[in-house]
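> Starting from these lines, generate the structure:
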Amino acid sequence: MAKSLGLAAYRALSRRNQAGLAQWQFPPRPKGELVWMHATDHMRFDALGDIAARMRQQRPDIHVLVTFDRAAIEHPSPDGPPDGVDWVFGLESDHPSGGRPFIEHWLPDVCLWAGGRFMINLVNCASEHGIPMILCDVSEADMQPHRRSWIPTLARTTLDFFDKIVVNNDSTLHAIRRLGITADKLSVAPRLRPSALPPDCLSQDLDDVMNDLGGRPVWLGVKVLGSEFDMVLTAHRTAMRLAHRLLLILTLADRNDLEVLKAKVTARQLRYADWDKADPIEDNVQIIICSDTADLGLWYRVAPLAFLACSLEKDARGISPLDAAALGSAIIYGPNVSAHIDSYSRLSAAGAARTVNDGESLAAALIHLIAPDHSAAMALAGWEVVTESAALTDGLIEQIIDGLDQKAAAHARP
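Sure thing, here's the model as predicted:
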């Protein structure tokens, strides 16, 4: 009775204070398996995108819907869904009338909910429809009393909707156990963090380039904007005064800037090889220019030090540092990385990344970090950051796929 009264009180409150979701116009649901994932903050959104990409490697035909809490975060993917994700929608309301149309439209086969900020009516509706429910990345902060904590048993009721619950530490586990949640539902894992699914490269290409370089010191400029060309070229020329054989591999953010870059390089009397035209990497080449970002898997493996561009321009938002860290590059970046600030902050705190503000500070960082011992220590720290939640990610994917398999087996029974 307490459970039904608590939920009834919440429904009454949310019916009075919130607008419904019925006005949403969603695209048609395709046939086949569909996984619904929900993020309660930006970092969890990024991590769910990583899970989706990895999951589709194992189950290519799966469909993935990711929702996020508009009350907690702005749109986390303004440039379109992340790799592996079909649709991204922000949810603003937990009105009782909105949950059923949402669930009955999408009919997800499994739900993965990241974080403890709940849309209780929506979660309840999903549970009533028999959708396998996994809750992950629950922290002590999620268990703090909220403004509706006066509603009896609401926390217990909400957690009961989930079949599996993964918490961040033992104290959170004990707090949930005291609510009456059974131990068989619970497990402990580190925080859910975005990791990397780094780009591959041909081993023959890597061997050939490393042989051509002959041990020369190398640094990489990744997705450099036209407005950043002068700063990067100035830093390279400055560093070459101390490391005469230093080679810059410069990849473009926009291939339409290629001729502008070549003109700037020539004006500075620097010699370049055009990778796209298969120019040879000779001893007198000082810059390799590449306009195709598909080759980044190769360049990250070649260069022990990478400047991640789209970060010095005032209006820039940065690029993800996780591929570079996963493939062993020490990282330099500018101040404007708002799109990936959590990842950069983690790497910086671990000593895997260093920030610069302009061409002069980029040159100073380059001179300091090009030493193999410095870049190697940073690369190791970066790899540890990228892989810290790998076991949790693998475990969640396994749970999702198990849920899909069990549902498929149940439907196949006569």
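> Identify the residue spatially nearest to His63, adjacent ones excluded.
Using Cβ to Cβ, 6 or more residues apart in numbering and skipping residues adjacent in sequence, the residue nearest His63 is Leu34, 4.4 Å away. Quick note: C-beta positions are derived from backbone N, CA and C, even for glycine.
> In the record's domain split, what are the boundaries for the chain?
2-195+389-409, 203-386 (automatic domain parsing).
> Serialize those domains to JSON lines and add fields for mean pLDDT.
Compiled in JSON lines, the domains of the chain are given as follows (pLDDT from 0 to 100):
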{"stretch": "domain 2-195+389-409", "mean pLDDT": "86"}
{"stretch": "domain 203-386", "mean pLDDT": "96"}
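> Those into TSV, with extra columns for mean neighbour count?
Formatted as TSV, the domains of the chain follow (neighbours: other Cβ atoms under 10 Å):
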stretch	mean neighbour count
domain 2-195+389-409	18
domain 203-386	18
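> outside of stretch 69-81, which residues touch it?
Around stretch 69-81, the neighbours that count as contacts under Cβ atoms under 8 Å, 6 or more residues apart in numbering are 38-42, 45-46, 49, 66, 68, 85, 87-88, 90-92, 117, 119.
> how far out from the middle of the chain is that stretch?
13 Å (Cα atoms, centre = their mean, to the nearest Å).
> First-to-last residue distance for that stretch?
16 Å (Cα to Cα, to the nearest Å).
> Does the closest residue to Leu202 other than its chain neighbours fall in a helix, a strand, or a coil region?
Nearest non-adjacent residue to Leu202, counting by Cβ to Cβ, 6+ apart: Leu298, 7.6 Å away. Secondary structure, DSSP: H, G, I helix; E, B strand; the rest coil: Leu298 is helix.
> what sits against Leu298?
201-202, 205-206, 209.
> rewinding a little: surely the residue nearest to His63 meets His105?
No - the pair Leu34 / His105 is not scored as a contact, 10.7 Å apart, by Cβ atoms under 8 Å.
> follow-up on the earlier one: which ones among the contacts of stretch 69-81 map onto helices?
The helices, defined by DSSP state H, take in 42, 45-46, 49 from those.
> Would you map the strands across the stretch 101-250 of the chain?
110-114, 133-138, 164-167, 186-188, 218-224, 247-252 (DSSP state E, counting those that start in this stretch).
> what's next to the first one, contact-wise?
Strand 110-114 is contacted from outside by 35-40, 44, 47-48, 51, 123, 126, 131-137, 162, 192, 396, 400, 403-404, 407, using Cβ under 8 Å, 6+ apart.
> partner strands of it, parallel or antiparallel?
Strand pairing for strand 110-114, using DSSP bridges, gives strand 34-39 (parallel), strand 133-138 (parallel).
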